[in-house]
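J.: Below: sequence and its predicted model.
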Amino acid sequence: ITLRDLDLTPYLAYWPAGLPWRLKSGVLSADVQVAFAQTPATVVKISGTVTADKIRLLQATAPGAEVLAFDRLLVRLDDVRPLEQRVKLSAVELTAPTLSVTRNRAGQINLLPPAPQNAPENIAASARPSSSQGQKDLKSEEKALRSPASAAATVPTAKSASAAPWRVQVDTVAVQGGRI
């Protein structure tokens with residue numbers, strides 16, 4: 001896959017509204033090889049080079065306030081296997097980064113997303129059962145899970161699905177001409 005100097009300006013309208021930053025400008029290039037293998041397990045291997053040039057991120061809540069800018073970010077993908085949660089990068093090079101860190105009167109740092117309003121109340125409210133019918137459903141599910149037929153079946157939980165961490169290896173990192 002080859003991508004040369006894709007200007008992101010025409011696509012800025014599609015930037016997700018809920019993010020704390022807004023992309024002002026950027027140019028992407030890529031020269032990436034993607035290999036698929038259907039052996040006993042499916043293998044996807046990605047290698048090559050990806051660059052982002054002239055990136056400018058603005059703070060969404062303060063239009064015009066630049067949070068992060070850099071001239072170039074170059075990432076050399078040596079062996080990326082997303083299905084195996086493995087990333088091996090031979091180099092990450094960042095040229096002329098500028099980071100603007102500020103703290104508002106409430107003590108919040110501009111790089112962090114704002115805390116959701118009334119978060120404890122929202123979590124507590126969602127944990128309450130809405131009716132006794134829901135409790136009956138829970139009891140019938142518990143009874144079904146205790147049966148011998150369902151003992152052999154395993155249900156993956158969110159904890160077990162995310163239990164395997166990503167393995168990331170970066171051989172070299174270089175930052176040139178940065179400013180905070």
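T.: The structure has been received and is ready for your questions.

J.: Can you tell me, leaving aside adjacent residues, what's nearest to the most centrally placed residue in the chain?
T.: Residue closest to the mean C-alpha point of the chain, counted by Cα atoms, centre = their mean, is residue 19 at 11.8 Å. Distances taken as Cβ to Cβ, 6 or more residues apart in numbering place residue 60 nearest to residue 19, at 6.5 Å, with adjacent residues excluded. C-beta here means a position set from N, CA and C on the backbone, and glycine is covered the same way.

J.: Show me the shaky parts of the protein.
T.: By pLDDT under 70, the weakly predicted segments of the chain are 113-162, 180.

J.: how about 50 then?
T.: Filtered on pLDDT under 50, the chain yields the residue ranges 122, 126, 131-158.

J.: sorry, back to before: residues in contact with the residue nearest to residue 19?
T.: Residues near residue 60 by Cβ atoms under 8 Å, 6 or more residues apart in numbering: 19-22.

J.: that's a helix at the residue nearest to the centre of the chain, yeah?
T.: No - looking at residue 19 with DSSP: H, G, I helix; E, B strand; the rest coil, it is coil, so not inside a helix.

J.: Return the distance of it relative to residue 57.
T.: Going from residue 19 to residue 57 by Cβ to Cβ, to the nearest Å gives 10 Å.

J.: So for the two, which residues contact both of them?
T.: Both residue 19 and residue 57 lack any common contact, where contact means Cβ under 8 Å, 6+ apart.

J.: now the closest residue to residue 59 other than its chain neighbours: how far from residue 92?
T.: Leaving out its chain neighbours, the residue that sits closest to residue 59 by Cβ to Cβ, 6+ apart is residue 65, at 4.3 Å. Per Cβ to Cβ, residue 65 is found 26 Å from residue 92.

J.: and what of residue 57?
T.: The gap separating residue 57 from residue 92 is 18 Å, by Cβ to Cβ.

J.: likewise residue 74?
T.: Separation of residue 74 from residue 92 (Cβ to Cβ): 7 Å.

J.: Now render the contacts of residue 60 as TSV, adding distance to residue 32.
T.: Formatted as TSV, those follow (distance: Cβ to Cβ, whole Å):
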residue	distance to residue 32
19	25
20	29
21	25
22	27
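
J.: Understood, closing this out.
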